[in-house]
Structures are given as structure tokens and as C-alpha cells.
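> okay, predicted coordinates and the sequence, questions at the end:
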Amino acid sequence: MVNSSPKPSLIVSSQNLGWESIIVEEFEQPSGTIASGCWQEHTIILSLTTCSGRIWQANERHGYTGLYTKGDLTVIPAELLGYYQPDNDDRYLQIRIPPNLLQQVAMNTTSTALEPLELRTELRDRHPQIEQLAMMLRAELHRGKDGEGQLYVDSLANALMVNVLRGYSVAKSQVAIYEGGLSDRYLLKAIEYINHHLSQSIKLEDLSNHVGISKFHFSRLFKKSMGVTPYQYVMQQRIELAKQLLLKANMSISDVALECGFYSHAHLSKYFRNYAGMTPKAYRQS
């Protein structure tokens, strides 16, 4: 983002965490300063300000002057120069989505292909589903390396992009819905892949490619079959593996954590307690 001085302050960025596909960043901007930007990605901006205030926004197509409060969304299509000035100190979450990735999601999930995909500009809007997903991404952003992991981020990003398509694509099209779940063959392939890669970072794209289904449909069909999301199932299997390994006296808890796909003893303890109701140490002693 190219701004006038003083610049908005970057609080935290997903680019330091190795997230793939989308970029999520949180900023603070001093009152009265003008920020300008033209991104290669489609950009969603969610207001995090605790106090309502007046803002001025403008781009090559539209302008807005008026109140802005927590939860308000701005949608800026790629390659569109825009300007922004708050009257009060501001805080916001910025999510950037590569056009080719959104195009791919559109082609995989909609009943009609969108060629080329185009988003409409919104300078002040409300979208509860996008707000909720954005706040979940923000929470993961602040957890940093102790967060849920790439599979969880992929799932949130995928759901976010589907909602962006539903709400802001210029050419309206229906997201295709498939009834039922995965076939036994596909489900077995997915479960076998998960079981053989528990010690590694598992991505939603890895699972969907292994089965041969788009990411969006894989998530829906997997949950239909198993009753839980792919992320929830992976976490369950990691905890079950940890329980087995904790019974081996020659393995330290740190080694157990790494073997099960966690970053550290503390990382394992956090999720083990959530799923098993006790710490790994207490489980081993019991």
C-alpha cells in the first residue's frame, strides 16, 4: 500500500507466517492522513474501529463520505486506484485475494463459468458471513506460529472466497450444491492420505488434489460423510496418535508433538487439553 506520510502502521501480517493463497494484514491509521493504494489483488477491508467516525473514500469509479463503524466492509477490485482518509484514528483488517485464485474458485464452484471474473466496488457494506470469517482469520493471524495451521487457514480462505463471489461478483451465478457425501473410494483415499501425513503440514489443496475434487466441494462432501470438517478430523487423528505415542516411555512429549504435526510441547498441550480434557503429561501419568 503506497501512502502519504505518516503511513498506516502494520500491526501483524500473514506474510510472516508463510500462509499461502491470501494475504491478511492488520493496520492502524492516524486521523486525518490520506492513504492511497492500487493492488494487484482483489481487496477486502474490514473496519475494526471501536468508535464510529466519519471517513472519505474515493476511487476511479465511486466516492463515499460519511459514517464508518466496526464491521463495515470495503471491496476494491484488483488494479483499481483508491484513496482513504479517516477523521479519527482507525484500525482495519485488509485481506488481499489474487484474481487468478478467485477465478479458479469461481470456475470450480459456480454453475456457470465467469469469464472474466469481475467484482463490483463497495465502499461501505455489511456482510455478516464475510465479517465472521475475516475475524476468524484475524484471530489465527494473532496466534501466529501457535495457530491452528495451514489446513484451517485454507478452509477459512476458501469459505471467504465463496462468500465474496456470492456477494460481490458482477455476473451473478449460483454456487453449485452437491447432495450426499464422498464415495467410499474417495473417502478412503482422503483418510489414508491424512493418516500418512499427520507429522506434516496438511493443506486443503493437497487433500482435494489427492482425491480429484475441487477444494470447496471436497470440504462440503467430507463433512457430509464424516460429520466434521477436514481440519477437525485431522486434529482428532493427531490427538489420537499423540495418545498412543505418550504411552511410550522412551519418547519425550516434545518428540511426540513433532511426530503428530505440532510445533512444540506447548502447542500440543494446548490442543490436547481441548480435545482430551487434560495435558499430555497428565494423560501419560494417568
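Nice, I can see it.

> going forward, measure contacts between C-alpha atoms and count neighbours the same way
Noted.

> in the chain, mark out all the strands, start to finish.
9-13, 23-29, 35-37, 42-47, 53-59, 63-68, 73-76, 82-86, 90-97, 122-125 (DSSP state E).

> adding mean neighbour count, distance to Glu259 and mean pLDDT, write these out as a markdown table.
A markdown table is the format used below for the strands of the chain (neighbours: other CA atoms under 10 Å; distance: least, CA to CA, whole Å; pLDDT from 0 to 100):
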| stretch | mean neighbour count | distance to Glu259 | mean pLDDT |
| --- | --- | --- | --- |
| strand 9-13 | 15 | 28 | 92 |
| strand 23-29 | 19 | 29 | 94 |
| strand 35-37 | 18 | 44 | 79 |
| strand 42-47 | 23 | 37 | 94 |
| strand 53-59 | 17 | 50 | 81 |
| strand 63-68 | 15 | 48 | 82 |
| strand 73-76 | 22 | 41 | 92 |
| strand 82-86 | 19 | 47 | 82 |
| strand 90-97 | 22 | 33 | 94 |
| strand 122-125 | 17 | 45 | 88 |
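
> and of those strands, who's closest to Gln232?
strand 23-29 (22.6 Å; CA to CA).

> each with direction, which strands does that closest one pair with?
Note on strand 23-29: by DSSP bridges, its sheet partners are strand 9-13 (antiparallel), strand 90-97 (antiparallel).

> using CSV, lay out those together with distance to Tyr263.
CSV is the format used below for the strands paired with strand 23-29 (distance: least, CA to CA, whole Å):
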stretch, distance to Tyr263
strand 9-13, 20
strand 90-97, 26
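
> to His62, which of these lies closest?
Closest to His62 of the strands paired with strand 23-29, according to CA to CA: strand 90-97, at 19.4 Å.

> quick check: Tyr68 touching Ser52?
Yes - using CA atoms under 8 Å, Tyr68 makes contact with Ser52 at a distance of 5.8 Å.

> could you pull out the helices for the chain?
99-109, 128-143, 150-168, 184-196, 204-211, 215-226, 230-246, 253-259, 265-276, 280-285 (DSSP state H).

> out of the strands paired with strand 23-29, flag the one nearest Gly147.
Nearest to Gly147, of all the strands paired with strand 23-29, is strand 9-13, at 13.6 Å by CA to CA.

> care to break this structure down by domain?
Per automatic domain parsing, the structural domains of the chain span 9-168, 184-227, 233-285.

> off-centre distance for the second one?
The chain centroid and the centroid of domain 184-227 are separated by 18 Å, computed with CA atoms, centre = their mean, to the nearest Å.

> again with the last one
The chain centre lies 25 Å from the centre of domain 233-285; the measure is CA atoms, centre = their mean.

> contacts only, for Thr279.
Contacts for Thr279 (CA atoms under 8 Å, 6 or more residues apart in numbering) come out as 269-270, 272-273.

> redo those residues as TSV? Include neighbour count, distance to Gln200 and pLDDT.
Converted to TSV, the contacts of Thr279 look like this (neighbours: other CA atoms under 10 Å; distance: CA to CA, whole Å; pLDDT from 0 to 100):
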residue	neighbour count	distance to Gln200	pLDDT
Ser269	21	18	91
Lys270	14	18	88
Phe272	23	18	91
Arg273	15	21	90
